[in-house]
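J.: dropping the sequence and predicted coords here.
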Amino acid sequence: MELDQLVEKARQSTLFTAPVLGPHLERFLREQGGAIRAMAKRALDERVEHIFWVGAGNSWVNLHTGKYLLDRFSDLPSDCTTSYDFIWRSPRRLNEKAWVFLASFSGATEDTLAALRHANAHRAHTIAIVNQAESVMGREASEVLAYNSKALYILPLAAAYLFSLEVARLQGAGGVEEIIAGLYALPELLAKQYVEEEAPARKLAEEFKNERLIYTLGSGPLYGLAYKFGLTVFMENMRVNGSFIEATEFRHGPAEVFDREKPSMVILLGTDESRPVVERVVQLCRANAHKLLVYDLQNYPGVHPLLAPFALMIPLQWFAVWSALLRGITDLDERVLMGRGIMGQGKGVTWP
């Protein structure tokens with residue numbers, strides 16, 4: 001099959017969400033935005049004492065910024081943990097005064113379904129963020145946010161943003177209304193990026209197509225997106241060796257790899273407070289890495305610094321799609337181990 005035909009096939013895959021991100025984010029905010037903001041008010045009215053953000057893989061890190069925003073703009077305590085760690089930790093604050101947000105595209109992820117049942121057993125209020133309301137998690141949670149889309153990263157991310165920002169707004173925090181307005185303005189940018197980022201990404205993928213070791217770095221609001229691509233896209237979908245490293249932590253040990261190795265590096269660079277230190281890491285890598293690819297939010301003027309993950313998602317995804325195809329991976333939804341009943345156990349479990 002010709003490369004152009006493979007790209008057309010890729011546009012229909014579950015992995016490649018860029019084609020729908022703009023319109024589906026607009027629809028999600030229009031249809032669910034009011035309910036999410038009402039949920040934030042209810043949390044404050046009911047004097048919720050703790051928020052837990054829980055998931056696995058992609059569906060863990062797309063909740064990470066929920067905690068980041070609550071910590072920054074509100075006094076409502078929260079934690080973001082992987083699903084089994086949530087169970088094993090069994091927090092003392094997990095009780096009838098806690099709310100637990102649990103994300104799973106399938107609504108049947110083994111780890112997160114177990115975490116949901118653990119939270120229910122402790123009388124917490126559970127909110128399942130899933131693709132379909134009739135999934136196992138959708139049926140068993142106290143309430144469900146169903147996004148009905150393959151946009152399995154961006155729409156749960158938007159839900160976490162809107163809930164956290166609305167909590168902060170209701171508590172009187174300054175500056176959050178600007179971020180909320182920026183969130184609602186994003187669909188236009190995403191629709192534009194889907195068209196404009198394809199050609200640049202193909203060129204970059206050609207340059208990196210023979211690389212076998214890629215470290216992905218990010219900090220602050222870009223922590224979750226860097227984790228997603230470093231571990232759940234580049235390794236999972238491109239099948240390359242690599243890892244995610246928090247960008248500022250790269251200076252504390254990992255940089256010594258340059259003594260004997262020259263890995264390729266992908267760095268996500270924001271315009272928030274983390275930028276000066278991450279810029280120093282960029283300079284270090286520029287002088288020592290084999291190849292360096294920097295995704296810089298400054299290239300998308302007008303995007304609020306805290307909305308960086310939304311703006312860098314499509315450029316990264318186009319790069320990953322072209323990279324996979326150029327490496328001979330012609331079915332973006334096919335996996336070697338995941339989804340084959342090898343790693344997931346339990347009735348109704350579908351992934352991984």
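T.: That came through, no problem.
J.: contacts only, for the residue most central in space within the chain.
T.: In the chain, the residue lying closest to the centroid (C-alpha atoms, centre = their mean) is residue 62, at 3.2 Å. Listed by C-beta atoms under 8 Å, 6 or more residues apart in numbering, the contact set of residue 62 reads 55, 103, 152-154, 156-157, 160, 224, 228. Quick note: C-beta positions are derived from backbone N, CA and C, even for glycine.
J.: from these, pick the one nearest residue 70.
T.: residue 160 (9.3 Å; C-beta to C-beta).
J.: tell me the secondary structure at that closest one.
T.: helix (DSSP: H, G, I helix; E, B strand; the rest coil).
J.: surely it touches residue 61?
T.: No - with contact defined as C-beta atoms under 8 Å, residue 160 does not reach residue 61; the gap is 10.5 Å.
J.: confirm residue 245 sits in a strand?
T.: Yes - looking at residue 245 with three-state DSSP, it is inside a strand.
J.: give me the number of residues near it?
T.: Other residues near residue 245 come to 24 when the count uses other C-beta atoms under 10 Å.
J.: which residues touch it?
T.: So residue 245 contacts 215-217, 230, 254 (C-beta under 8 Å, 6+ apart).
J.: if you set the cut-off to 10 Å instead, what comes out?
T.: 215-219, 226-227, 230, 251-255, 265, 267, 281 (C-beta atoms under 10 Å, 6 or more residues apart in numbering).
J.: re earlier: what does the residue nearest to the centre of the chain show for phi and psi?
T.: phi -80, psi 0 (degrees, to the nearest 10).
J.: quick one on the thing from earlier: any chance of a markdown table for the contacts of residue 62, columns secondary structure and distance to residue 272?
T.: Output for the contacts of residue 62, formatted as a markdown table (DSSP: H, G, I helix; E, B strand; the rest coil; distance: C-beta to C-beta, whole Å):
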| residue | secondary structure | distance to residue 272 |
| --- | --- | --- |
| 55 | strand | 23 |
| 103 | strand | 23 |
| 152 | coil | 25 |
| 153 | coil | 20 |
| 154 | helix | 19 |
| 156 | helix | 21 |
| 157 | helix | 16 |
| 160 | helix | 17 |
| 224 | helix | 13 |
| 228 | helix | 18 |
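J.: turn those residues into JSON lines, columns for neighbour count, distance to residue 93 and pLDDT.
T.: Below are these laid out as JSON lines (neighbours: other C-beta atoms under 10 Å; distance: C-beta to C-beta, whole Å; pLDDT from 0 to 100):
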{"residue": "55", "neighbour count": "27", "distance to residue 93": "19", "pLDDT": "97"}
{"residue": "103", "neighbour count": "34", "distance to residue 93": "20", "pLDDT": "98"}
{"residue": "152", "neighbour count": "22", "distance to residue 93": "28", "pLDDT": "94"}
{"residue": "153", "neighbour count": "26", "distance to residue 93": "28", "pLDDT": "96"}
{"residue": "154", "neighbour count": "26", "distance to residue 93": "29", "pLDDT": "98"}
{"residue": "156", "neighbour count": "27", "distance to residue 93": "23", "pLDDT": "98"}
{"residue": "157", "neighbour count": "28", "distance to residue 93": "24", "pLDDT": "98"}
{"residue": "160", "neighbour count": "27", "distance to residue 93": "19", "pLDDT": "98"}
{"residue": "224", "neighbour count": "26", "distance to residue 93": "23", "pLDDT": "97"}
{"residue": "228", "neighbour count": "28", "distance to residue 93": "27", "pLDDT": "96"}
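J.: brilliant, that's me finished.
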